[in-house]
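>>> got a predicted model here, sequence first, then my questions.
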Amino acid sequence: MKSNIILHVEDDPNDVLLVGMAFRKAKTDCKIVCVSDGECAIQYLAGEGVYADRDAHPLPALILMDLKLPRKSGLEILRWLRSQPDNRISRLPAVMLTSSNQPQDIGRAYDHGVNSYLVKPADLLALVEIVRSLCQYWLVINTSPEPEPNAFRAPAFATN
């Protein structure tokens with residue numbers, strides 16, 4: 001059975017509420033887990049500190065994150081994520097949901113391994129449609145690799 005957990009990394013409480021409202025209005029089967037900064041996101045994904053209990057804090061099926069975050073930016077999260085030797089973590093789909101539509105931000109996000117880049121709409125109904133499409137695509141339509149609990153790969157920067 002596919003996971004329906006989405007890790008939402010967002011520091012603006014208003015955006016957390018708005019995205020949560022959009023998920024409720026979209027009537028998705030997704031469970032949203034929210035953290036407010038980049039270091040907490042990495043701790044959650046690594047299963048460290050307060051997130052060490054994987055039964056209570058399972059790996060998400062998708063990461064939905066802002067670009068500009070305290071402590072570690074969305075780009076720093078992506079860099080960490082894609083360098084992990086555990087492919088259950090390094091292969092997680094990551095979607096940037098941010099207010100920046102700057103070409104350099106978009107390019108850097110893709111350079112760091114983001115799977116999709118979405119600009120936050122100003123309208124709640126547009127956000128509801130984005131959320132509905134996001135869940136439908138990433139959690140239903142998309143085929144992800146099967147988890148390989150004991151399979152580790154060399155980090156991308158290693159040479160043979």
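That came through fine. Residues are numbered from 1 along each chain as shown.
>>> and the strands in the chain, which stretches?
5-9, 31-35, 62-65, 94-98, 116-119 (DSSP state E).
>>> mind putting the ones you listed in CSV, mean pLDDT included?
Shown next, in CSV, are the strands of the chain (pLDDT from 0 to 100):
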stretch, mean pLDDT
strand 5-9, 96
strand 31-35, 95
strand 62-65, 96
strand 94-98, 96
strand 116-119, 96
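>>> can you put those strands in a markdown table and add mean neighbour count and distance to residue 133?
For every residue, glycine as well, the C-beta is placed using N, CA and C. Output for the strands of the chain, formatted as a markdown table (neighbours: other Cβ atoms under 10 Å; distance: least, Cβ to Cβ, whole Å):
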| stretch | mean neighbour count | distance to residue 133 |
| --- | --- | --- |
| strand 5-9 | 23 | 13 |
| strand 31-35 | 17 | 16 |
| strand 62-65 | 24 | 13 |
| strand 94-98 | 23 | 11 |
| strand 116-119 | 16 | 9 |
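>>> among these, which is nearest residue 107?
Residue 107 lies closest to strand 116-119 among these, at 9.4 Å (Cβ to Cβ).
>>> show me what the closest one is packed up against.
The contact analysis (3 or more Cβ pairs under 8 Å, 6 or more residues apart in numbering; DSSP states H and E) places strand 116-119 against strand 94-98, helix 103-111.
>>> nearest to residue 38, out of those?
Closest approach to residue 38 among the helices and strands packed on strand 116-119 (Cβ to Cβ): strand 94-98, 12.3 Å.
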